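Chemist: Using only what follows, build the 3D model:
(one chain, ligands or ions: 2)
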Amino acid sequence: MLTHTEIKKLIGLTLAEGESRPVQIKGWVRTKRGNKQVAFIALNDGSCVQTIQVVADLNAPAFPEDLMKRITTGACLCVNGRLVPSMGKGQSVEIQADSIDVLGEADPEVYPLQKKGHSLEFLREIAHLRPRTNTFGAVLRLRHEMAYALHTFYHERGFYYLHTPLITASDCEGAGEMFQVTTLPLNQLPMKDGKIDYSQDFFGRQTSLTVSGQLEGELGAMALSKIYTFGPTFRAENSNTPRHLAEFWMNEPEMAFYEIEDNMDLAEEFLKYLTTYALEHCGDDLRFLNDMYDKELISRLEGVLKTRFERLTYTQAVDILKSSGAKFEFKVDWGTDLQSEHERYLVEKHFKRPVILTDYPKDIKAFYMKQNDDGKTVRGMDVLFPQIGEIIGGSQREENLDKLQRRIQELHIPDKDMWWYLDTRRFGSAPHSGFGLGFERLLLFITGMTNIRDVIPFPRYPQNAEF
Ligand code: ATP
Ligand code: MN
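Modeler: Numbers count the residues shown, from 1 in each chain. Ligands and ions are numbered 1, 2, ... in the order given. Just a heads-up that it's a prediction; the model follows:
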């Protein structure tokens, strides 16, 4: 019995004239064409973007008409045959079939991916089947490769992977943006003094899905020095934009003894490492996406590697934007949060390279960021990328207990929930820094896709959670 081989292992092999090898492959039919004598079947198994050509001699008794009728686009086949050099253009080898089993039919009357060239919008409506398209095959393979490269990057640098909880009782970061987690009966909530009695809930308190693993990440960094988290994150913001999901993957490194400059260096090295990895290991998928969707994709990836990211302060950026004469939908003023149109102006028009902005007004950033001596700004940093805007948000953290507590009071954050976090500053506090990378934002950059719903297998966004 032959064991089956991935198509990836066969594509690109070269055989001498007259040479052949027995092979078995399994995969899904992309196309079938031919005539009365011979059928050419393009088979793909998702191991790579390429298909392999299967040739069936219709005069042979192994391929009766009723079998061939069942071989339609989308059907799943097991092919036994011989790998031989190909005469055809665009492939070095093909398979001369000896026998074909139809493992699963796909009725051409109803199979939604009968034709090529569906719009990405249409494919979003059949997200359960879109992994079978070339585009989503390429995107999902790249997603895997980037996750692998991410772990490798940190592991090689002595970071430990810390698993932070998805269910959390702290809501200091995501007021109003969190999905609640409860086992209380929603049609008959237990009440006490006019309020919901969460003491009867599963955890004995109100809980939600996490919006970030950072606070727990800091606990890890204060013991292991360098940690990173990588997992799902949830935000109930009603964000119908091409850059927001309700469920997305975030990677958050957190490092003791790092100041803001070290943090920026790490972020830049990390993004360049991932980009290099994609160019070096995912060439076929990148070329496919480059040719199909975005002719500048590969040159944009290469461009990021060549330059040093531009570093400037928020205040300097606001000055540039104000004196640019450019027309923006949202007005820029010191103290307001930058919109993605402003971020993209800086990156794409002004500097023509990635940008790291630092020292943001304290009122538009989170309570834990280290306060500068000016009393107005904090040591936050956002990394801005072409096409995307913010890809990373991070900061040096406030390590001083008094300053941090004062800020928590100013912002009326209920400090009964914060005692465990503040313990890091009470006991053996240290300068430390970290950042959050939106994994899907990274994938937008790497794949050249323009909608974040197209770089995650099963996107979650308002009104959408079917599959
Ligand atoms: P934005 O202003 O773009 O909404 P943010 O300031 O809310 O981002 P952070 O809270 O700093 O973002 O989160 C860290 C990173 O997570 C961001 O830099 C971004 O890459 C990513 N991110 C944030 N919100 C989302 C979302 N809803 N969907 C996908 N990625 C997100
Ligand atoms: Mn946001």
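
Chemist: What residues sit buried inside the lengthiest strand in the chain?
Modeler: Counting residues, the longest strand in the chain under DSSP state E turns out to be strand 21-34. The neighbour-count criterion (16 or more other C-beta atoms under 10 Å) identifies 23-30, 32 as the buried residues of strand 21-34. For glycine as for every other residue, the C-beta is placed from the backbone atoms N, C-alpha and C.

Chemist: go on, stretch 367-376?
Modeler: Residues 367-372 are the ones in stretch 367-376 that count as buried (16+ other C-beta under 10 Å).

Chemist: Would you mind checking which of those residues is nearest to ligand 1?
Modeler: Of all these, ligand 1 sits closest to Met369, with 10.8 Å by C-beta to the nearest ligand atom.

Chemist: what's near enough to touch the residue lying closest to Asp415 once chain neighbours are set aside?
Modeler: Setting aside the residues directly before and after it, Asp415 is nearest to Ile408 in space (C-beta to C-beta, 6 or more residues apart in numbering), at 5.5 Å. Residues near Ile408 by C-beta atoms under 8 Å, 6 or more residues apart in numbering: 367, 415, 418.

Chemist: any idea which helix or strand carries the first one?
Modeler: I take that to be Phe367. Secondary structure assigned from DSSP states H and E places Phe367 in neither a helix nor a strand.

Chemist: which non-adjacent residue is nearest it?
Modeler: Excluding the flanking residues, the one nearest Phe367 by C-beta to C-beta, 6+ apart is Arg407, at 4.9 Å.

Chemist: Pull the contacting residues for the one you found.
Modeler: Taking C-beta under 8 Å, 6+ apart as the criterion, Arg407 is in contact with 362, 367, 371, 398.

Chemist: Within the helices and strands, which one has the closest residue to Glu302 other than its chain neighbours?
Modeler: The spatial neighbour of Glu302 that comes closest, neighbours along the chain excluded (C-beta to C-beta, 6+ apart), is Leu279 at 6.9 Å. When secondary structure is defined by DSSP H and E, Leu279 falls within helix 260-281.

Chemist: just to revisit the earlier point, wait, which of the buried residues of strand 21-34 is closest to ligand 1?
Modeler: For ligand 1, the closest of those turns out to be Trp28, at 30.8 Å, with distances computed as C-beta to the nearest ligand atom.

Chemist: which residues does Asp57 bridge with?
Modeler: Asp57 forms beta bridges with Val38, as assigned by DSSP bridges.

Chemist: how many other residues sit next to it?
Modeler: The number of residues packed near Asp57 is 13, by other C-beta atoms under 10 Å.

Chemist: Please report how far it lies from Ser99.
Modeler: For Asp57, the distance to Ser99 (C-beta to C-beta, to the nearest Å) stands at 12 Å.

Chemist: May I have stretch 338-348 exported as PDB, CA atoms only?
Modeler: Once side chains and other backbone atoms are set aside, the C-alpha atoms of stretch 338-348 remain, and they are given as PDB (Å, rounded to 0.1, in the frame of the first residue of the first chain):
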ATOM      1  CA  LEU A 338      -4.900  60.600  15.900                       C
ATOM      2  CA  GLN A 339      -7.200  58.900  13.400                       C
ATOM      3  CA  SER A 340      -5.900  56.300  11.000                       C
ATOM      4  CA  GLU A 341      -6.000  58.900   8.100                       C
ATOM      5  CA  HIS A 342      -3.500  61.000  10.100                       C
ATOM      6  CA  GLU A 343      -1.300  58.000  10.900                       C
ATOM      7  CA  ARG A 344      -1.300  56.900   7.300                       C
ATOM      8  CA  TYR A 345      -0.500  60.500   6.100                       C
ATOM      9  CA  LEU A 346       2.600  60.400   8.300                       C
ATOM     10  CA  VAL A 347       3.700  57.000   7.100                       C
ATOM     11  CA  GLU A 348       2.700  57.000   3.400                       C
END
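
Chemist: quick one: is that stretch near ligand 1?
Modeler: No. Judged by C-beta under 6 Å from any ligand atom, stretch 338-348 and ligand 1 are separated, with a smallest distance of 6.8 Å.

Chemist: starting at the chain centroid, how far to that stretch?
Modeler: Distance, stretch centre to chain centre, for stretch 338-348: 21 Å (C-alpha atoms, centre = their mean, to the nearest Å).

Chemist: buried ones in that stretch?
Modeler: Counting neighbours by 16+ other C-beta under 10 Å, the buried set in stretch 338-348 is 338, 340, 342-348.

Chemist: Quick check: residues of the protein near ligand 1?
Modeler: Applying C-beta under 6 Å from any ligand atom, one finds that the chain approaches ligand 1 through 235, 239, 244-245, 248, 250, 390-393, 436, 438, 440-441, 452.

Chemist: For the protein, which segments count as helices?
Modeler: Assignment of helices within the chain using DSSP state H yields the ranges 7-10, 65-69, 120-125, 134-156, 214-224, 260-281, 283-292, 297-306, 314-322, 340-344, 401-410, 419-426, 439-447.

Chemist: Is it possible to get TSV of the contacts of Arg407 that adds pLDDT?
Modeler: Shown next, in TSV, are the contacts of Arg407 (pLDDT from 0 to 100):
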residue	pLDDT
Lys362	97
Phe367	94
Gln371	97
Glu398	98
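
Chemist: quick check: domain ranges of this protein?
Modeler: As given by automatic domain parsing, the domain ranges for the chain are 7-104, 130-166+230-454.

Chemist: hang on, isn't Phe385 packed against Phe445?
Modeler: Yes. In this structure Phe385 lies within contact range of Phe445 using C-beta atoms under 8 Å: 5.5 Å.

Chemist: list the residues that contact both of those two?
Modeler: Here Phe385 and Phe445 share the contacting residues Ile391, scored by C-beta under 8 Å, 6+ apart.

Chemist: before we move on, the earlier item: now the helix holding Leu279: buried residues?
Modeler: The neighbour-count check on helix 260-281 (16+ other C-beta under 10 Å) flags 260, 263-264, 266-268, 270-275, 277-278, 281 as buried.

Chemist: Closest one of the residues you listed to Leu2?
Modeler: His281 (28.9 Å; C-beta to C-beta).

Chemist: Check the burial of the closest residue to that closest one other than its chain neighbours by counting its neighbours.
Modeler: Among residues not flanking His281 along the chain, Glu145 sits closest, at 5.9 Å (C-beta to C-beta, 6+ apart). Taking other C-beta under 10 Å as the neighbour definition, Glu145 ends up with a count of 17.
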